[in-house]
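*Asks:* attaching a predicted model along with its sequence, questions to come.
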Amino acid sequence: MSARGPSVLAVRALGLVGALLLGAACAPQAQEAAPGAGAPTWRLADADSLDRRDHLILTVAQGDPVALAAVAAQIERRYGVRLAAEWPLNSISVHCLVIDASGVPDLEDLIDRMRADAQIRTVQRMQSFQVLALTYADPLFPAQTALAQLNAARAHQGSTGAGVRVGVVDSAIDASHSDLSARLAEARDFVRAVPGVAAEAHGTAVASLIGAEAGNARGMVGVAPQVELVGLRACWQRPDGGGACSSFSLARALNFAILNRIRVLNLSLGGPPDPLLAELIETALAEGAVVVAAWGEQAEPAFPASMPGVIAAGGTDGRRGLPAPEIDVISAAPGEAYDYVSGSSVATAHVAGVAALLLAVRPELTSAQISRALEAAVVTRDGAPMLDACEALRAVNARHESCSG
């Protein structure tokens, strides 16, 4: 998962062999602007400093800043813990507290006691997630055979995804990349307390697969090349090339997406079931978002692909969600470069792109209707099942002619 786009194909190794671990967070956009004059000063910390199993995530009832500070202080005194970070999750009408419980010897006992506390709405451990992809750099593989497999270029005669906002919940997208700069409508950082990271491999790759610019005589073409990409950085790249994020960073990104009614959410990640993230995803679905997540590489889907209503994307074996290209797919990479990527994260981005093509034609469609149309558009190609973007367009518009002939 990484993306970049120069006029000369510069294929290089990413070093992201393995998976990016992700975590959860809490925040909004137009309705959740960055702190400024008149805004409450919530305690915030870099998400990578909070990604620890001895940290807990609590939600409490919303209130004014003074009342919430008093509640946090009472929890600190009562349980011998420390408030490490906080953020309002306005999309589900709660306030989120990250608690450092490293000084408590029995965390399970602490969690049980907190669950019996009338002031505390929910409590859970901080959890980690993986971005489900492998990246490597065998140079000059045939470029963008994935688009041909999806029948995407022909589908562009009828839809390019124009006007559809796609939230890429991932690591930082390279906003200066020539294949992405015109398509990246907005970028938010839910990892750093003070935003500053310019670009990371996984988010750049996923964004390019969904919406790399077409017709600019540079690099590659995305599945939906006229979408409005919204970069929601909830993950960070580690020095060893892997990546991580916490329940706190993911929750903040999802909260922002809900409050700002981002229509398609791409979650190229997977991990253990997480109650707070599940509540936010359920809210996103109820508000009309189409949520696409990576199945993973196992027989059973990872969370959140395992959730009802979430569209699970996987490889071409037909046994891991909607089949879409996931092997040796060219993508953009930071620094105006390109890399080849593989994994169910790649399939997820392709499915999210096709969902955006459908919504551009029929914006009134529900997530369930989009899911049914995608399932109906699976064809057999070269002896294996594959999502066909043209068939998906036909499924939502019987008179659609752009893919005929």
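*Replies:* That came through, no problem.
*Asks:* excluding its backbone neighbours, what's nearest Ala302?
*Replies:* Spatial nearest neighbour of Ala302, excluding adjacent residues (C-beta to C-beta, 6 or more residues apart in numbering): Gly270 at 2.7 Å. (Each C-beta comes from the backbone N, C-alpha and C, glycine too.)
*Asks:* swap in Ala72?
*Replies:* That would be Leu83: by C-beta to C-beta, 6+ apart, it lies 4.8 Å from Ala72.
*Asks:* what helix or strand is that neighbour located in?
*Replies:* strand 82-89 (DSSP states H and E).
*Asks:* same check on Ile75?
*Replies:* helix 65-79.
*Asks:* now swap in Val291 and tell me
*Replies:* strand 290-294.
*Asks:* what's in contact with the helix or strand that that strand is followed by?
*Replies:* Using DSSP H and E, the helix or strand that follows strand 290-294 in sequence is strand 311-314. Here strand 311-314 makes contact (C-beta atoms under 8 Å, 6 or more residues apart in numbering) with 290-296, 301, 305-306, 320-324, 326, 344, 347-348, 350-352, 355, 367, 370-371, 374.
*Asks:* quick one: average pLDDT of stretch 161-169?
*Replies:* In this model, stretch 161-169 carries a mean pLDDT of 97.
*Asks:* what do you get for stretch 351-358?
*Replies:* What stretch 351-358 shows for mean pLDDT is 98.
*Asks:* would you mark the buried spots in that stretch?
*Replies:* Neighbour counts using 16 or more other C-beta atoms under 10 Å place Val351, Ala352, Gly353, Val354, Ala355, Ala356, Leu357, Leu358 of stretch 351-358 among the buried residues.
*Asks:* how far does stretch 96-116 sit from its chain's centre?
*Replies:* 28 Å (C-alpha atoms, centre = their mean, to the nearest Å).
*Asks:* can you pull the buried residues of it?
*Replies:* Here stretch 96-116 shows Cys96, Leu97, Val98, Ile99, Asp100, Ala101, Val104, Leu110, Ile111, Met114 as buried, counting by 16+ other C-beta under 10 Å.
*Asks:* same deal with stretch 204-215?
*Replies:* Thr204, Ala205, Val206, Ala207, Ser208, Leu209, Ile210, Gly211, Ala212, Glu213, Ala214.
*Asks:* ranges for the helices of the stretch 201-350 of the chain?
*Replies:* Along the stretch 201-350 of the chain, counting by DSSP state H, counting those that start in this stretch, helices occupy 201-211, 247-259, 275-286, 344-361.
*Asks:* which strand residues sit across from the residue nearest to Ala302 in the sheet?
*Replies:* Gln130 (DSSP bridges).
*Asks:* so it is in contact with Phe129, correct?
*Replies:* Yes. With contact defined as C-beta atoms under 8 Å, Gly270 reaches Phe129; the gap is 6.3 Å.
*Asks:* look at these two and report which has more neighbours.
*Replies:* Phe129 (31 against 27; other C-beta atoms under 10 Å).
*Asks:* what sits against Ala257?
*Replies:* Ala257 neighbours (C-beta under 8 Å, 6+ apart): Gly167, Val169, Val230, Leu232, Leu265, Ala284, Ala289.
*Asks:* for the second one, what is the enclosing helix or strand?
*Replies:* When secondary structure is defined using DSSP H and E, the element that contains Val169 is strand 165-170.
*Asks:* next helix or strand past that strand?
*Replies:* Heading C-terminal from strand 165-170 (DSSP H and E), you reach strand 184-189.
*Asks:* low-confidence ranges, the stretch 1-150 of the chain, go.
*Replies:* Low-confidence segments of the stretch 1-150 of the chain (pLDDT under 70): 1-39, 130-143.
*Asks:* still on that earlier bit, and the buried residues of stretch 96-116, which of them are in helices?
*Replies:* Judged by DSSP state H, those include Leu110, Ile111, Met114 as members of helices.
*Asks:* out of the residues you listed, which is nearest to Asp64?
*Replies:* When these are ranked by distance to Asp64 (C-beta to C-beta), Met114 comes first, at 22.9 Å.
*Asks:* if we can go back for a sec, reformat the buried residues of stretch 351-358 as CSV; add distance to Ala72.
*Replies:* Output for the buried residues of stretch 351-358, formatted as CSV (distance: C-beta to C-beta, whole Å):
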residue, distance to Ala72
Val351, 40
Ala352, 37
Gly353, 42
Val354, 44
Ala355, 40
Ala356, 40
Leu357, 45
Leu358, 44
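*Asks:* tell me the one of those residues nearest Asp189?
*Replies:* Checking these one by one against Asp189 (C-beta to C-beta), the nearest turns out to be Ala352, at 21.0 Å.
*Asks:* residue contacts, that closest one?
*Replies:* Val166, Ile210, Val223, Val264, Leu265, Asn266, Val290, Val292, Ala313.
*Asks:* cool, Pro304 as well?
*Replies:* Counted by C-beta under 8 Å, 6+ apart, Pro304 has contacts Leu267, Gly270, Asp274, Leu277, Ala278, Ile281, Val291, Ala293, Val310.
*Asks:* quick one, which of the helices of the stretch 201-350 of the chain is nearest to Pro239?
*Replies:* Using C-beta to C-beta, the nearest of the helices of the stretch 201-350 of the chain to Pro239 is helix 201-211, at 12.9 Å.
*Asks:* mind giving me the packing neighbours of the closest one?
*Replies:* Here helix 201-211 touches strand 134-136, strand 165-170, strand 228-233, strand 329-333, strand 337-342, helix 344-361, going by 3 or more C-beta pairs under 8 Å, 6 or more residues apart in numbering; DSSP states H and E.
*Asks:* turn those into a markdown table, including distance to Trp87.
*Replies:* A markdown table is the format used below for the helices and strands packed on helix 201-211 (distance: least, C-beta to C-beta, whole Å):
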| stretch | distance to Trp87 |
| --- | --- |
| strand 134-136 | 31 |
| strand 165-170 | 16 |
| strand 228-233 | 14 |
| strand 329-333 | 31 |
| strand 337-342 | 32 |
| helix 344-361 | 26 |
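*Asks:* just name the most buried of the ones you listed.
*Replies:* Comparing the helices and strands packed on helix 201-211 by mean neighbour count (mean count of other C-beta atoms under 10 Å), strand 329-333 comes out on top with a mean of 32.
*Asks:* quick check: angle from it to helix 344-361?
*Replies:* 80 degrees (axes from the mean of the first three to the mean of the last three C-alpha atoms, to 10 degrees).
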